[in-house]
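In: Curious how this folds, go ahead:
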Amino acid sequence: DLIVHVRDITHPETTLQKATVLSVLKNLNLPSHLLDSMVEVHNKVDLIERYKPTEEDALAISALHGHGLEELKQEIEKKILTATGKQILTVNISLEGPQLSWLYKEATVQEVEVMPEDGTARVKVIIGSSAFGRYKNLFPN
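Out: Residues are numbered from 1 along each chain as shown. This is a model prediction of the structure:
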């Protein structure tokens, strides 16, 4: 669904390495949307003083120090959701009904926050639009 190209930006041949990787990927006859949506990551930016990406849309990270990793995670999540046609939603459900079981079967449940005082829960899920449509039809409230 997604290509993430991580480069050692300190390597003296980093530009040539990028060209080589792109050439190999093109020769694999991958769908063009994969190449167009590729995430470009510049790693080891901690080794270059005041590093600024020279390429538009490149994400600067330092895996060693954790710099930029949250932004990278968010970008990957956004692109995966776009590529798969899914979305992240939080729904409020009654714990007495079958909603939670249904969500576990039909979606990816990320988090469940139970409210014991009223027998409900807030459920964070990754769900496709057709599955969410079925959910709304089955559980209109």
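In: Strands of the protein, residue ranges please.
Out: In the chain, the strands defined using DSSP state E lie at 4-8, 39-43, 59-60, 86-94, 108-115, 120-128.
In: Next, the angle strand 4-8 makes with the longest helix along the chain.
Out: Ranked by residue count and defined by DSSP state H, the top helix of the chain is helix 69-84. Interaxial angle, helix 69-84 versus strand 4-8 (axes from the mean of the first three to the mean of the last three Cα atoms, to 10 degrees): 150 degrees.
In: what helices or strands is helix 69-84 leaning on?
Out: strand 39-43, strand 59-60, strand 86-94 (3 or more Cβ pairs under 8 Å, 6 or more residues apart in numbering; DSSP states H and E). Backbone N, C-alpha and C define where each C-beta goes, glycine included.
In: Mean neighbour count for these - can I get that in a markdown table?
Out: Listed next are these as a markdown table, based on neighbours: other Cβ atoms under 10 Å:
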| stretch | mean neighbour count |
| --- | --- |
| strand 39-43 | 20 |
| strand 59-60 | 20 |
| strand 86-94 | 15 |
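In: could those be laid out in a markdown table, adding mean pLDDT and distance to residue 100?
Out: Below are the helices and strands packed on helix 69-84 laid out as a markdown table (pLDDT from 0 to 100; distance: least, Cβ to Cβ, whole Å):
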| stretch | mean pLDDT | distance to residue 100 |
| --- | --- | --- |
| strand 39-43 | 97 | 33 |
| strand 59-60 | 96 | 36 |
| strand 86-94 | 95 | 6 |
